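Asker: The sequence and its predicted three-dimensional model are supplied below.
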Amino acid sequence: MDEESTLNEFKTWIDERHPSQPEYLQATKEIAKDVIPIFCNNESYRRLNVFKRLCEPERIIHFSVHWLNDANEVEIHNGWRIQHSGLIGPYKGGLRFHPSVNESVLKFLAFEQSFKNALTGIPIGGAKGGSDFNPKGRSETEVMRFCQAFMGELQRHIGPHTDVPAGDINVGSREIGFLYGEYRKIHNRFGGSLTGKDISFGGSHVRTEATGFGLIYMLRAVLKQHKDEIKNKRIGISGAGNVALHAALKSVQVGGQVISLSNSRDCLIKEEGFSESAISWAIKNKAESDNILIDLCEHHGGDWHKDATPWQQPMDIALPCATQNELDKDAAAALLSNGCKYILEGANMPCTNEALDLIEEKGIPFVPGKASNAGGVAISGLEMSQNATFKRATYKKIDDALQDIMLNIHQQCVEAGTADGRVNYAKGANIAAFRRLADAMVAQGV
Ligand SMILES: NC(=O)C1=CN([C@@H]2O[C@H](COP(=O)(O)OP(=O)(O)OC[C@H]3O[C@@H](n4cnc5c(N)ncnc54)[C@H](O)[C@@H]3O)[C@@H](O)[C@H]2O)C=CC1
Ligand SMILES: O=C(O)CCC(=O)C(=O)O
(Lines give C-alpha, C1' and ligand atoms only; values in the text may rest on other atoms or scores of the structure.)
(Ligands and ions follow the chains in the order given, each with its own letter.)
Protein backbone atom coordinates (compact mmCIF):
# COMPACT_ATOMS: atom_id res chain seq x y z
CA MET A 1 0.00 0.00 0.00
CA ASP A 2 1.46 3.35 -1.02
CA GLU A 3 2.18 5.41 2.11
CA GLU A 4 2.23 8.83 0.48
CA SER A 5 -1.09 8.43 -1.29
CA THR A 6 -2.66 6.96 1.89
CA LEU A 7 -1.48 10.01 3.84
CA ASN A 8 -2.82 12.41 1.19
CA GLU A 9 -6.15 10.60 1.03
CA PHE A 10 -6.35 10.73 4.85
CA LYS A 11 -5.73 14.48 4.86
CA THR A 12 -8.50 15.10 2.33
CA TRP A 13 -10.88 12.85 4.28
CA ILE A 14 -10.21 14.50 7.66
CA ASP A 15 -10.50 18.02 6.15
CA GLU A 16 -13.93 17.12 4.78
CA ARG A 17 -15.17 15.41 7.93
CA HIS A 18 -14.07 18.06 10.44
CA PRO A 19 -14.24 21.38 8.57
CA SER A 20 -13.48 24.63 10.42
CA GLN A 21 -11.80 22.78 13.30
CA PRO A 22 -8.17 23.85 12.86
CA GLU A 23 -6.80 22.49 16.15
CA TYR A 24 -8.34 19.08 15.55
CA LEU A 25 -6.97 18.92 12.00
CA GLN A 26 -3.54 20.03 13.27
CA ALA A 27 -3.37 17.29 15.93
CA THR A 28 -4.62 14.45 13.72
CA LYS A 29 -2.33 15.36 10.81
CA GLU A 30 0.69 15.61 13.12
CA ILE A 31 0.13 12.02 14.25
CA ALA A 32 -0.86 10.77 10.76
CA LYS A 33 2.55 11.42 9.21
CA ASP A 34 4.20 9.07 11.73
CA VAL A 35 1.61 6.31 11.97
CA ILE A 36 0.43 5.95 8.35
CA PRO A 37 3.55 3.85 7.48
CA ILE A 38 2.77 1.52 10.42
CA PHE A 39 -0.86 1.37 9.34
CA CYS A 40 0.02 0.60 5.72
CA ASN A 41 2.25 -2.28 6.74
CA ASN A 42 -0.23 -4.09 8.98
CA GLU A 43 -2.99 -6.13 7.33
CA SER A 44 -5.31 -6.13 10.41
CA TYR A 45 -4.98 -2.37 10.87
CA ARG A 46 -5.88 -1.81 7.22
CA ARG A 47 -8.76 -4.32 7.20
CA LEU A 48 -10.34 -2.77 10.29
CA ASN A 49 -9.64 0.81 9.14
CA VAL A 50 -8.13 1.57 12.54
CA PHE A 51 -6.50 4.94 11.91
CA LYS A 52 -9.56 6.76 10.58
CA ARG A 53 -11.66 5.17 13.33
CA LEU A 54 -9.18 6.51 15.92
CA CYS A 55 -9.63 9.97 14.43
CA GLU A 56 -13.36 9.98 15.17
CA PRO A 57 -14.33 10.78 18.78
CA GLU A 58 -16.59 8.01 20.11
CA ARG A 59 -19.00 10.54 21.61
CA ILE A 60 -19.39 14.34 21.67
CA ILE A 61 -21.62 15.60 24.48
CA HIS A 62 -22.68 19.23 24.21
CA PHE A 63 -24.90 20.85 26.81
CA SER A 64 -25.78 24.32 27.94
CA VAL A 65 -25.11 25.56 31.44
CA HIS A 66 -27.60 28.03 32.92
CA TRP A 67 -26.71 29.65 36.21
CA LEU A 68 -27.32 32.76 38.36
CA ASN A 69 -24.53 35.30 38.80
CA ASP A 70 -24.09 37.57 41.85
CA ALA A 71 -26.38 40.20 40.29
CA ASN A 72 -29.11 37.53 40.13
CA GLU A 73 -28.93 37.47 36.34
CA VAL A 74 -29.10 34.25 34.36
CA GLU A 75 -25.95 33.48 32.39
CA ILE A 76 -25.70 30.82 29.70
CA HIS A 77 -22.50 29.01 28.76
CA ASN A 78 -21.58 26.05 26.58
CA GLY A 79 -20.42 22.82 28.19
CA TRP A 80 -18.81 19.82 26.47
CA ARG A 81 -17.39 16.41 27.18
CA ILE A 82 -15.58 14.72 24.31
CA GLN A 83 -15.27 10.98 25.03
CA HIS A 84 -12.65 10.23 22.45
CA SER A 85 -11.58 6.63 23.04
CA GLY A 86 -12.67 4.11 25.65
CA LEU A 87 -10.67 1.29 24.07
CA ILE A 88 -8.25 0.70 26.91
CA GLY A 89 -10.13 1.97 29.96
CA PRO A 90 -12.66 4.48 31.30
CA TYR A 91 -12.54 7.83 29.50
CA LYS A 92 -10.08 10.08 31.33
CA GLY A 93 -8.94 13.67 30.89
CA GLY A 94 -9.27 17.17 32.25
CA LEU A 95 -11.86 19.95 32.17
CA ARG A 96 -10.89 23.40 30.90
CA PHE A 97 -12.79 26.61 31.70
CA HIS A 98 -11.61 29.35 29.34
CA PRO A 99 -13.27 31.70 26.80
CA SER A 100 -11.20 30.10 24.02
CA VAL A 101 -12.78 26.67 24.61
CA ASN A 102 -14.72 25.31 21.64
CA GLU A 103 -15.38 21.92 20.07
CA SER A 104 -12.23 21.94 17.95
CA VAL A 105 -9.96 22.68 20.94
CA LEU A 106 -11.59 20.01 23.10
CA LYS A 107 -11.52 17.45 20.28
CA PHE A 108 -7.78 17.94 19.76
CA LEU A 109 -7.18 17.70 23.50
CA ALA A 110 -9.27 14.51 23.79
CA PHE A 111 -7.52 12.96 20.78
CA GLU A 112 -4.06 13.72 22.20
CA GLN A 113 -5.25 12.46 25.60
CA SER A 114 -6.09 9.02 24.18
CA PHE A 115 -2.56 8.68 22.79
CA LYS A 116 -0.98 10.08 25.96
CA ASN A 117 -2.97 7.82 28.25
CA ALA A 118 -1.97 4.80 26.15
CA LEU A 119 1.69 5.63 26.87
CA THR A 120 1.20 5.65 30.66
CA GLY A 121 0.69 1.86 30.78
CA ILE A 122 -2.41 2.44 32.96
CA PRO A 123 -5.79 1.25 31.61
CA ILE A 124 -7.39 4.62 30.93
CA GLY A 125 -9.11 5.91 27.79
CA GLY A 126 -9.02 9.48 26.51
CA ALA A 127 -11.44 12.38 26.98
CA LYS A 128 -11.52 16.13 27.55
CA GLY A 129 -14.22 18.60 28.46
CA GLY A 130 -14.91 22.07 29.64
CA SER A 131 -16.69 25.31 29.03
CA ASP A 132 -16.28 28.76 27.52
CA PHE A 133 -16.93 30.15 31.03
CA ASN A 134 -14.05 32.26 32.36
CA PRO A 135 -13.62 32.00 36.15
CA LYS A 136 -11.11 34.90 36.13
CA GLY A 137 -12.64 37.99 37.79
CA ARG A 138 -15.62 36.03 39.18
CA SER A 139 -16.43 35.78 42.88
CA GLU A 140 -15.90 32.44 44.58
CA THR A 141 -19.67 32.06 44.93
CA GLU A 142 -20.12 32.56 41.19
CA VAL A 143 -17.44 29.96 40.45
CA MET A 144 -19.15 27.55 42.84
CA ARG A 145 -22.59 28.09 41.29
CA PHE A 146 -21.18 27.68 37.80
CA CYS A 147 -19.41 24.42 38.79
CA GLN A 148 -22.63 23.10 40.34
CA ALA A 149 -24.67 23.92 37.22
CA PHE A 150 -21.97 22.42 34.96
CA MET A 151 -21.90 19.21 37.01
CA GLY A 152 -25.70 19.12 37.04
CA GLU A 153 -25.45 18.30 33.34
CA LEU A 154 -22.12 16.45 33.20
CA GLN A 155 -22.96 14.03 36.04
CA ARG A 156 -25.17 11.80 33.89
CA HIS A 157 -22.24 11.02 31.58
CA ILE A 158 -19.46 10.23 34.10
CA GLY A 159 -18.64 7.75 36.88
CA PRO A 160 -15.68 5.78 38.26
CA HIS A 161 -15.93 3.10 35.55
CA THR A 162 -17.28 5.30 32.74
CA ASP A 163 -15.50 8.62 32.55
CA VAL A 164 -13.34 10.32 35.19
CA PRO A 165 -12.67 14.04 34.59
CA ALA A 166 -9.92 16.07 36.29
CA GLY A 167 -8.56 19.64 36.06
CA ASP A 168 -6.90 21.58 33.25
CA ILE A 169 -6.57 25.31 32.53
CA ASN A 170 -8.49 27.31 35.18
CA VAL A 171 -9.78 24.14 36.83
CA GLY A 172 -7.69 23.56 39.94
CA SER A 173 -8.39 22.03 43.33
CA ARG A 174 -11.02 24.68 44.23
CA GLU A 175 -13.10 23.94 41.12
CA ILE A 176 -12.61 20.17 41.47
CA GLY A 177 -13.91 20.48 45.06
CA PHE A 178 -17.08 22.27 43.92
CA LEU A 179 -17.63 19.84 41.02
CA TYR A 180 -17.08 16.84 43.25
CA GLY A 181 -19.38 18.19 45.97
CA GLU A 182 -22.23 18.46 43.45
CA TYR A 183 -21.58 15.00 42.01
CA ARG A 184 -21.57 13.46 45.48
CA LYS A 185 -24.80 15.25 46.41
CA ILE A 186 -26.61 13.95 43.31
CA HIS A 187 -25.26 10.37 43.36
CA ASN A 188 -24.82 9.87 47.11
CA ARG A 189 -21.56 8.06 46.53
CA PHE A 190 -18.02 8.77 47.58
CA GLY A 191 -15.23 7.79 45.24
CA GLY A 192 -13.34 8.11 42.05
CA SER A 193 -15.68 10.02 39.76
CA LEU A 194 -13.15 12.89 39.53
CA THR A 195 -9.40 13.09 40.16
CA GLY A 196 -7.31 16.00 41.36
CA LYS A 197 -9.38 16.00 44.56
CA ASP A 198 -7.95 17.49 47.74
CA ILE A 199 -5.98 15.01 49.82
CA SER A 200 -8.59 15.39 52.61
CA PHE A 201 -11.35 13.77 50.51
CA GLY A 202 -9.79 11.08 48.37
CA GLY A 203 -7.06 12.91 46.46
CA SER A 204 -3.61 11.48 45.87
CA HIS A 205 -0.27 12.76 47.04
CA VAL A 206 1.77 14.31 44.19
CA ARG A 207 -1.23 14.84 41.82
CA THR A 208 -0.88 18.64 42.02
CA GLU A 209 2.85 18.51 41.29
CA ALA A 210 2.75 15.52 38.92
CA THR A 211 2.63 17.14 35.47
CA GLY A 212 5.44 19.62 36.15
CA PHE A 213 7.57 17.17 38.15
CA GLY A 214 7.00 14.44 35.52
CA LEU A 215 8.17 16.84 32.81
CA ILE A 216 11.49 17.30 34.62
CA TYR A 217 11.84 13.56 35.23
CA MET A 218 11.43 13.15 31.46
CA LEU A 219 13.97 15.95 30.87
CA ARG A 220 16.50 14.16 33.08
CA ALA A 221 15.99 10.94 31.09
CA VAL A 222 16.45 12.79 27.78
CA LEU A 223 19.62 14.50 29.04
CA LYS A 224 21.01 11.17 30.25
CA GLN A 225 20.23 9.60 26.87
CA HIS A 226 22.31 12.39 25.29
CA LYS A 227 25.11 12.08 27.89
CA ASP A 228 24.26 15.50 29.26
CA GLU A 229 23.05 16.83 32.62
CA ILE A 230 20.72 19.52 33.97
CA LYS A 231 23.23 21.26 36.24
CA ASN A 232 23.47 25.00 35.40
CA LYS A 233 21.42 24.65 32.23
CA ARG A 234 19.42 27.80 31.38
CA ILE A 235 15.78 26.71 31.24
CA GLY A 236 13.07 28.90 29.70
CA ILE A 237 9.54 28.17 30.90
CA SER A 238 6.31 29.78 29.66
CA GLY A 239 3.13 30.06 31.72
CA ALA A 240 2.80 30.61 35.45
CA GLY A 241 0.15 28.03 36.26
CA ASN A 242 0.17 24.58 37.78
CA VAL A 243 2.39 22.92 35.19
CA ALA A 244 4.82 25.83 34.72
CA LEU A 245 5.43 26.49 38.42
CA HIS A 246 5.90 22.84 39.39
CA ALA A 247 8.24 22.30 36.44
CA ALA A 248 10.16 25.39 37.59
CA LEU A 249 10.33 24.13 41.17
CA LYS A 250 11.64 20.68 40.25
CA SER A 251 14.10 22.19 37.72
CA VAL A 252 15.66 24.36 40.42
CA GLN A 253 15.66 21.51 42.96
CA VAL A 254 17.72 19.35 40.59
CA GLY A 255 20.24 22.07 39.70
CA GLY A 256 18.76 23.88 36.67
CA GLN A 257 18.49 27.65 36.28
CA VAL A 258 14.95 28.82 35.43
CA ILE A 259 15.22 32.14 33.61
CA SER A 260 11.60 32.85 32.61
CA LEU A 261 7.92 32.53 33.42
CA SER A 262 5.07 34.21 31.53
CA ASN A 263 1.34 34.79 31.18
CA SER A 264 -0.82 35.31 28.11
CA ARG A 265 0.56 38.84 27.57
CA ASP A 266 3.85 39.41 29.31
CA CYS A 267 7.00 37.64 30.38
CA LEU A 268 9.14 37.80 33.54
CA ILE A 269 12.86 37.23 33.02
CA LYS A 270 15.30 36.52 35.84
CA GLU A 271 18.79 36.37 34.34
CA GLU A 272 20.42 34.75 37.38
CA GLY A 273 17.50 32.27 37.71
CA PHE A 274 14.48 32.19 40.04
CA SER A 275 15.28 30.89 43.52
CA GLU A 276 13.50 27.86 44.94
CA SER A 277 11.92 30.05 47.60
CA ALA A 278 10.53 32.50 45.00
CA ILE A 279 8.91 29.66 43.03
CA SER A 280 7.53 28.04 46.20
CA TRP A 281 6.13 31.45 47.19
CA ALA A 282 4.33 31.68 43.82
CA ILE A 283 2.90 28.17 44.18
CA LYS A 284 1.64 28.96 47.68
CA ASN A 285 0.04 32.30 46.73
CA LYS A 286 -1.27 31.48 43.24
CA ALA A 287 -4.82 30.60 44.25
CA GLU A 288 -5.34 33.91 46.09
CA SER A 289 -3.75 36.11 43.44
CA ASP A 290 -5.39 37.82 40.46
CA ASN A 291 -2.08 37.83 38.59
CA ILE A 292 0.64 35.72 40.17
CA LEU A 293 3.31 36.83 37.68
CA ILE A 294 2.94 40.51 38.66
CA ASP A 295 2.93 39.56 42.34
CA LEU A 296 6.03 37.41 41.89
CA CYS A 297 7.80 40.30 40.17
CA GLU A 298 6.84 42.68 42.99
CA HIS A 299 7.95 40.32 45.77
CA HIS A 300 10.99 38.64 44.21
CA GLY A 301 12.15 40.92 41.37
CA GLY A 302 13.00 40.20 37.74
CA ASP A 303 12.75 42.09 34.43
CA TRP A 304 9.22 42.64 33.17
CA HIS A 305 8.92 42.25 29.38
CA LYS A 306 5.64 43.64 28.10
CA ASP A 307 3.89 41.87 25.18
CA ALA A 308 6.66 39.29 25.03
CA THR A 309 7.22 35.55 25.24
CA PRO A 310 10.34 33.86 26.69
CA TRP A 311 11.43 32.46 23.32
CA GLN A 312 13.67 35.37 22.25
CA GLN A 313 16.00 34.74 25.23
CA PRO A 314 19.12 32.58 24.95
CA MET A 315 18.46 29.26 26.72
CA ASP A 316 19.64 25.66 26.65
CA ILE A 317 16.23 24.10 27.27
CA ALA A 318 12.75 25.38 26.36
CA LEU A 319 9.69 24.11 28.23
CA PRO A 320 6.46 25.62 26.82
CA CYS A 321 3.96 25.06 29.65
CA ALA A 322 1.08 27.47 28.92
CA THR A 323 -1.28 26.58 26.08
CA GLN A 324 -1.69 25.32 22.51
CA ASN A 325 0.13 27.04 19.63
CA GLU A 326 2.04 29.44 21.90
CA LEU A 327 5.36 28.62 20.18
CA ASP A 328 5.21 29.39 16.46
CA LYS A 329 7.69 29.24 13.60
CA ASP A 330 9.33 32.60 14.45
CA ALA A 331 9.71 31.61 18.10
CA ALA A 332 11.25 28.27 17.08
CA ALA A 333 13.65 30.06 14.72
CA ALA A 334 14.73 32.44 17.51
CA LEU A 335 15.24 29.57 19.96
CA LEU A 336 17.30 27.55 17.51
CA SER A 337 19.46 30.47 16.39
CA ASN A 338 20.16 31.29 20.06
CA GLY A 339 21.50 27.78 20.68
CA CYS A 340 18.54 26.02 22.34
CA LYS A 341 19.45 22.31 22.57
CA TYR A 342 16.29 20.62 23.91
CA ILE A 343 12.56 21.36 23.70
CA LEU A 344 10.04 19.47 25.84
CA GLU A 345 6.34 20.31 25.79
CA GLY A 346 4.69 20.80 29.19
CA ALA A 347 1.46 22.11 27.68
CA ASN A 348 -0.67 20.21 25.15
CA MET A 349 0.38 21.01 21.56
CA PRO A 350 2.15 24.30 22.41
CA CYS A 351 4.25 24.12 19.20
CA THR A 352 2.62 24.80 15.86
CA ASN A 353 3.24 22.25 13.08
CA GLU A 354 5.42 24.86 11.29
CA ALA A 355 7.55 25.23 14.44
CA LEU A 356 7.83 21.43 14.62
CA ASP A 357 9.08 21.29 11.02
CA LEU A 358 11.90 23.72 11.88
CA ILE A 359 12.83 21.84 15.06
CA GLU A 360 12.84 18.55 13.14
CA GLU A 361 15.04 20.08 10.44
CA LYS A 362 17.57 21.17 13.08
CA GLY A 363 17.38 17.71 14.68
CA ILE A 364 17.55 18.73 18.35
CA PRO A 365 15.74 16.44 20.84
CA PHE A 366 12.06 17.41 21.01
CA VAL A 367 9.57 15.62 23.28
CA PRO A 368 5.84 16.09 22.55
CA GLY A 369 3.35 16.80 25.32
CA LYS A 370 1.68 13.43 24.97
CA ALA A 371 4.90 11.88 26.33
CA SER A 372 6.43 14.63 28.46
CA ASN A 373 3.32 15.90 30.28
CA ALA A 374 1.78 12.45 30.88
CA GLY A 375 2.81 12.48 34.55
CA GLY A 376 -0.37 14.32 35.58
CA VAL A 377 -2.84 11.87 34.12
CA ALA A 378 -0.68 8.95 35.27
CA ILE A 379 -1.00 10.06 38.89
CA SER A 380 -4.71 10.61 38.28
CA GLY A 381 -4.75 6.91 37.30
CA LEU A 382 -3.08 6.09 40.61
CA GLU A 383 -5.65 8.28 42.41
CA MET A 384 -8.38 6.14 40.80
CA SER A 385 -6.78 2.92 42.01
CA GLN A 386 -6.31 4.34 45.53
CA ASN A 387 -10.01 5.34 45.57
CA ALA A 388 -11.08 1.91 44.31
CA THR A 389 -9.16 0.13 47.08
CA PHE A 390 -9.84 2.69 49.85
CA LYS A 391 -6.10 3.00 50.47
CA ARG A 392 -3.77 5.96 50.32
CA ALA A 393 -0.16 5.52 49.25
CA THR A 394 2.62 7.67 50.74
CA TYR A 395 4.06 10.74 48.99
CA LYS A 396 7.33 8.86 48.38
CA LYS A 397 5.62 5.83 46.89
CA ILE A 398 3.68 7.98 44.40
CA ASP A 399 6.69 10.15 43.55
CA ASP A 400 8.77 7.00 42.91
CA ALA A 401 5.95 5.61 40.75
CA LEU A 402 5.87 8.88 38.76
CA GLN A 403 9.61 8.63 38.09
CA ASP A 404 9.22 5.02 36.93
CA ILE A 405 6.29 5.90 34.64
CA MET A 406 8.21 8.78 33.01
CA LEU A 407 11.27 6.55 32.50
CA ASN A 408 9.05 3.91 30.95
CA ILE A 409 7.50 6.45 28.55
CA HIS A 410 11.01 7.64 27.65
CA GLN A 411 11.99 4.05 26.91
CA GLN A 412 8.92 3.51 24.69
CA CYS A 413 9.87 6.63 22.68
CA VAL A 414 13.45 5.41 22.32
CA GLU A 415 12.37 1.94 21.20
CA ALA A 416 9.78 3.09 18.65
CA GLY A 417 11.56 6.29 17.55
CA THR A 418 15.25 5.47 17.07
CA ALA A 419 16.70 5.43 13.56
CA ASP A 420 20.31 5.92 12.45
CA GLY A 421 21.39 6.43 16.06
CA ARG A 422 19.01 9.37 16.62
CA VAL A 423 15.88 9.31 18.79
CA ASN A 424 12.85 11.01 17.25
CA TYR A 425 10.73 11.29 20.40
CA ALA A 426 7.65 12.63 18.61
CA LYS A 427 7.63 9.73 16.18
CA GLY A 428 8.39 7.22 18.94
CA ALA A 429 5.51 8.48 21.12
CA ASN A 430 3.05 8.53 18.21
CA ILE A 431 3.94 5.02 17.07
CA ALA A 432 4.05 3.41 20.54
CA ALA A 433 0.68 4.90 21.52
CA PHE A 434 -0.90 4.10 18.15
CA ARG A 435 0.12 0.43 18.35
CA ARG A 436 -1.46 0.08 21.79
CA LEU A 437 -4.75 1.65 20.68
CA ALA A 438 -4.79 -0.08 17.29
CA ASP A 439 -4.14 -3.53 18.81
CA ALA A 440 -7.00 -2.99 21.27
CA MET A 441 -9.26 -1.92 18.39
CA VAL A 442 -8.38 -4.97 16.33
CA ALA A 443 -8.96 -7.28 19.31
CA GLN A 444 -12.37 -5.70 20.03
CA GLY A 445 -13.64 -5.94 16.43
CA VAL A 446 -15.95 -3.53 14.66
N1 LIG B 1 -2.85 20.45 34.98
C2 LIG B 1 -2.43 19.30 34.48
O3 LIG B 1 -2.29 18.30 35.21
C4 LIG B 1 -2.08 19.18 33.05
C5 LIG B 1 -2.05 20.27 32.21
N6 LIG B 1 -1.61 20.13 30.93
C7 LIG B 1 -1.54 21.26 30.02
O8 LIG B 1 -0.63 22.23 30.53
C9 LIG B 1 -1.02 23.55 30.10
C10 LIG B 1 -1.15 24.46 31.30
O11 LIG B 1 -2.16 23.93 32.17
P12 LIG B 1 -2.22 24.29 33.72
O13 LIG B 1 -0.90 24.70 34.20
O14 LIG B 1 -2.92 23.16 34.38
O15 LIG B 1 -3.21 25.51 33.70
P16 LIG B 1 -3.28 26.77 34.67
O17 LIG B 1 -4.63 27.32 34.51
O18 LIG B 1 -2.82 26.41 36.03
O19 LIG B 1 -2.19 27.74 34.02
C20 LIG B 1 -2.22 28.19 32.72
C21 LIG B 1 -1.17 29.28 32.61
O22 LIG B 1 -0.93 29.57 31.25
C23 LIG B 1 -0.95 31.00 31.09
N24 LIG B 1 -1.40 31.23 29.73
C25 LIG B 1 -2.60 31.01 29.18
N26 LIG B 1 -2.57 31.35 27.88
C27 LIG B 1 -1.30 31.75 27.61
C28 LIG B 1 -0.62 32.20 26.46
N29 LIG B 1 -1.27 32.32 25.30
N30 LIG B 1 0.69 32.52 26.56
C31 LIG B 1 1.34 32.42 27.73
N32 LIG B 1 0.74 32.01 28.86
C33 LIG B 1 -0.57 31.68 28.81
C34 LIG B 1 -1.91 31.51 32.13
O35 LIG B 1 -1.64 32.84 32.45
C36 LIG B 1 -1.56 30.57 33.30
O37 LIG B 1 -0.43 31.07 33.97
C38 LIG B 1 -2.29 23.34 29.27
O39 LIG B 1 -1.93 23.15 27.92
C40 LIG B 1 -2.84 22.02 29.81
O41 LIG B 1 -3.68 21.38 28.90
C42 LIG B 1 -1.14 18.93 30.46
C43 LIG B 1 -1.15 17.82 31.26
C44 LIG B 1 -1.73 17.84 32.57
O1 LIG C 1 -5.52 13.97 35.20
C2 LIG C 1 -6.30 13.89 34.26
O3 LIG C 1 -7.19 13.09 34.14
C4 LIG C 1 -6.22 14.90 33.13
C5 LIG C 1 -4.90 15.43 32.79
C6 LIG C 1 -5.02 16.23 31.53
O7 LIG C 1 -6.02 16.87 31.29
C8 LIG C 1 -3.96 16.17 30.55
O9 LIG C 1 -3.12 15.26 30.63
O10 LIG C 1 -3.94 17.01 29.63
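Answerer: That came in fine, so what should we check first? For clarity, every value in this text was computed on a predicted model and none was experimentally measured. Ligands and ions are numbered 1, 2, ... in the order given.
Asker: so residue 327 makes contact with residue 319?
Answerer: No: taking contacts as C-beta atoms under 8 Å, residue 327 lies outside contact range of residue 319: 10.3 Å. Just so you know, the C-beta spots here come from the backbone N, C-alpha and C atoms, and that holds for glycine as well.
Asker: Mutual contacts of those two, please.
Answerer: The contact sets of residue 327 and residue 319 overlap at residue 238 (C-beta atoms under 8 Å, 6 or more residues apart in numbering).
Asker: Break down the stretch 51-200 of the chain into its strands, ranges please.
Answerer: Ranges of strands within the stretch 51-200 of the chain are 59-68, 74-85, 91-97, 126-131, 163-167, based on DSSP state E, counting those that start in this stretch.
Asker: With respect to burial, which of these scores highest?
Answerer: strand 126-131 (a mean of 30; mean count of other C-beta atoms under 10 Å).
Asker: can you tell if that one touches ligand 1?
Answerer: No: counting by C-beta under 6 Å from any ligand atom, ligand 1 has no neighbours in strand 126-131; the shortest distance is 8.5 Å.
Asker: Same question for stretch 421-438.
Answerer: No: judged by C-beta under 6 Å from any ligand atom, stretch 421-438 stays clear of ligand 1, getting no closer than 14.0 Å.
Asker: Endpoints of stretch 317-328, how far apart?
Answerer: 16 Å (C-alpha to C-alpha, to the nearest Å).
Asker: ok, that stretch near ligand 2 or not?
Answerer: No: using C-beta under 6 Å from any ligand atom, stretch 317-328 stays clear of ligand 2, with a minimum separation of 10.9 Å.
Asker: I'd like the next helix or strand past the top helix by length along the chain.
Answerer: Longest helix in the chain, counting residues (DSSP state H): helix 395-417. Next in sequence after helix 395-417, counting helices and strands by DSSP states H and E, comes strand 418-419.
Asker: Point to the residue nearest the middle of the protein.
Answerer: The residue lying closest to the centre of the chain (C-alpha atoms, centre = their mean) is residue 348, at 4.3 Å.
Asker: low pLDDT regions in this structure?
Answerer: Counting by pLDDT under 70, not a single residue of the chain qualifies.
Asker: Tell me the residues of it that contact ligand 1?
Answerer: Checking the chain against ligand 1 by C-beta under 6 Å from any ligand atom, the hits are 167-170, 211, 238-244, 262-264, 321-323, 326, 346-348, 373, 376.
Asker: Got a ChimeraX select line for the buried ones in those residues?
Answerer: The following ChimeraX line selects those of these that are buried, judged by 16 or more other C-beta atoms under 10 Å:
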select :167,168,169,170,211,238,239,240,241,242,243,244,262,263,321,322,323,326,346,347,348,373,376
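Asker: Mind checking which of the residues of the chain next to ligand 1 land in strands?
Answerer: Counting by DSSP state E, the residues of the chain next to ligand 1 place 167, 262 in strands.
Asker: Among the residues of the chain next to ligand 1, which lie within helices?
Answerer: Using DSSP H, those in helices are 211, 242, 243, 244, 376.
Asker: how about the residues of the stretch 1-150 of the chain near ligand 2?
Answerer: 92, 93, 94, 113, 116.
Asker: Quickly name whichever of those is closest to residue 193.
Answerer: residue 92 (11.5 Å; C-beta to C-beta).
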